[in-house]
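In: 3D, please:
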Amino acid sequence: MEILEQYIDYIKCKKRLSENTICSYYTDIKKYLDYLKCENIKIKDVAEYDIINFLVNLEKQNNSVATVSRVISSVKSFHDYLFLNHISENNPANNIKKPKIKRENVEILTEEEVEAILKFPDLDSPKKMRDKAIFETLYGTGIRVSELVELKLQDVDLQIDYLYCNTGKNQRVIPLCEITKNYLEKYIKEGRPILAKEGEDALFVNAQGQKFTRQGLWKVIKKYANKANISKNINPSILRHSFAIHLLKGGANVAVVGKILGNSNLSSLQLYLNQMDNNIRKEIKDKHPRKKEDL
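Out: Presented below is the predicted three-dimensional model:
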């Protein structure tokens, strides 16, 4: 697996991809290399049809179109690396195309559902202060869960009300609203000193006083969603999507929202705009005074 380790080192140091993306690439390429090994195909001998056969096998295992599409991205990136570094004489993945993914409407929470999740009757323990600050930060800034776990204590500037997100390619400075700032400040001053292990620089820490894993933080989110009796399919991006759509509904400029979210282009924001259009159509259909005429 030496070639895999070299490639991972390359995308980590040279391409500066996020930790979450690196983990996905590692999993995908390991699966790909395991397949080649089973088929007795050396990496330098891979042909286009070998890659296609690998992808067909993935589809037979009932992997989603999104998963197959991601694996294709990983394999193409891996073969680009091999070719550019003269490990392979050609690039057999060059003409492999990703399947088109049907864009579904994004799932969001209503403002009332967000309020239900953010409602903490009391903040009488360091953990509750931490959890409240986590939710206020996720909804108050639109930051990704994978970015939130990477935040360090020094990434929060309470003097000028900004949060610095330095993860992956989308490095950005995000303004803090007054409510988010207040709960972050309470956690940092009163809760975190009790929870954090000495020398730990992560902003949000788990029960062991160390940096949260993405999975650990996700468990916290699901716990409070269940407490709030939210029946929707809660996913790691739902507060981020809700933040974006609620801002846009409030009249925020789409380009500004894109910059805060760290989207390198506005195509993904089209999903949010489409969702808003659907909501508007539904409101008119359900509540227009002339929605129904007696004949």
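In: As a check, name the ranges of all strands in the stretch 1-150 of the chain.
Out: Under the criterion DSSP state E, counting those that start in this stretch, the stretch 1-150 of the chain carries no strands.
In: where does it have low pLDDT?
Out: 1, 99-105 (pLDDT under 70).
In: Tally up the residues packed near residue 202, please.
Out: 19 (other C-beta atoms under 10 Å). Glycine gets a C-beta too; all of them are placed from N, C-alpha and C.
In: Correction: the previous question concerned residue 89.
Out: Around residue 89 there are 8 residues (other C-beta under 10 Å).
In: Quick one: mean pLDDT for stretch 155-162?
Out: Mean pLDDT, computed over stretch 155-162, is 93.
In: Name the residues of it that come out as buried.
Out: Going by neighbour count (16 or more other C-beta atoms under 10 Å), the buried part of stretch 155-162 is 155, 156.
In: again, but for stretch 138-155
Out: By neighbour count on 16+ other C-beta under 10 Å, the buried set for stretch 138-155 is 138-151, 155.
In: Next, residue 237: phi, psi?
Out: phi -100, psi 0 (degrees, to the nearest 10).
In: which residues does it contact?
Out: By C-beta atoms under 8 Å, 6 or more residues apart in numbering, the contact list for residue 237 reads 106, 144, 145.
In: Same check on residue 54?
Out: By C-beta under 8 Å, 6+ apart, residue 54 lies in contact with 32, 35, 36, 75.
In: That one and residue 98, how far apart?
Out: With distances taken as C-beta to C-beta, to the nearest Å, residue 54 is found 14 Å from residue 98.
In: cool, and residue 140?
Out: Residue 140 is 34 Å from residue 98, where distance means C-beta to C-beta.
In: what do you get for residue 252?
Out: 31 Å.
In: what's the answer for residue 255, then?
Out: From residue 255 over to residue 98 the distance is 27 Å, taken as C-beta to C-beta.
In: Tell me which stretches of this protein form helices.
Out: For the chain, the helices defined by DSSP state H cover 2-13, 19-38, 48-60, 65-84, 111-118, 126-141, 145-148, 178-186, 192-195, 214-227, 238-249, 254-261, 269-287.
In: So which of those helices is nearest residue 160?
Out: Each of the helices of the chain has some distance to residue 160 by C-beta to C-beta; the shortest is helix 178-186, at 10.2 Å.
In: Need the residues that contact the closest one.
Out: With contact meaning C-beta under 8 Å, 6+ apart, helix 178-186 is reached by 123, 129, 132, 133, 136, 137, 140, 141, 156, 158, 161, 176.
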